[in-house]
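Enquirer: Here is a sequence together with a model predicted from it:
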Amino acid sequence: MDIPRSPHFSVSKWRESSLRGLSSWPNKNINSWPTAYAYYNDIPFKIFKSKWVEANITEPSGYIIDANNEGIKVATNNGILIIEILQFPGGKPLEVKEFLKGNKIEKGIVLS
């Protein structure tokens with residue numbers, strides 16, 4: 001997966017700041033709206049918009065079921081989280097359909 005990178009940013013630096021409540025994101029001009037975050041293959045990303053639908057899921061929580069223009073479908077304990085807008089380090093918040101034009105999200109990966 002090709003993820004834009006900032007020359008002034010490292011994943012380990014971001015992880016340290018995430019332990020302090022995400023107070024130190026590398027781009028100060030970023031939207032400060034409340035967000036969630038997760039790790040995809042040890043790369044952190046922010047979740048700006050998502051929705052949840054109730055479903056009977058057998059996969060473990062965090063398992064990526066599918067990634068398409070509708071969003072990234074992730075298994076939860078009692079349903080599916082559909083990630084609609086996300087942001088990887090060094091990039092701007094993007095709708096999943098825009099992100100998928102230049103990047104690939106593998107099914108079967110478990111987010112942490």
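Expert: Received, thanks.
Enquirer: Next, name the residue at the spatial heart of this structure.
Expert: Nearest to the mean C-alpha position of the chain, by CA atoms, centre = their mean, lies Phe45 at 4.1 Å.
Enquirer: who touches that one in this structure?
Expert: For Phe45, the contact set (CB atoms under 8 Å, 6 or more residues apart in numbering) comprises 37-39, 86-89. In this view, the C-beta of every residue, glycine as well, is placed from N, C-alpha and C.
Enquirer: Confirm it sits in a helix?
Expert: No - looking at Phe45 with DSSP: H, G, I helix; E, B strand; the rest coil, it is strand, so not inside a helix.
Enquirer: Find me the pLDDT at it, would you?
Expert: If you check Phe45, the pLDDT there is 95.
Enquirer: That one and Asn103, how far apart?
Expert: With distances taken as CB to CB, to the nearest Å, Phe45 is found 11 Å from Asn103.
Enquirer: could you pull out the helices for the chain?
Expert: 11-18, 96-102 (DSSP state H).
Enquirer: looking at those, which one has the lowest mean pLDDT?
Expert: Comparing mean pLDDT over the helices of the chain, the weakest stretch is helix 11-18, at a mean of 43.
Enquirer: Which pLDDT value does the model give Asn41?
Expert: pLDDT, Asn41: 94.
Enquirer: Now it: closest residue in space, sequence neighbours ignored.
Expert: Ile109 (6.5 Å; CB to CB, 6 or more residues apart in numbering).
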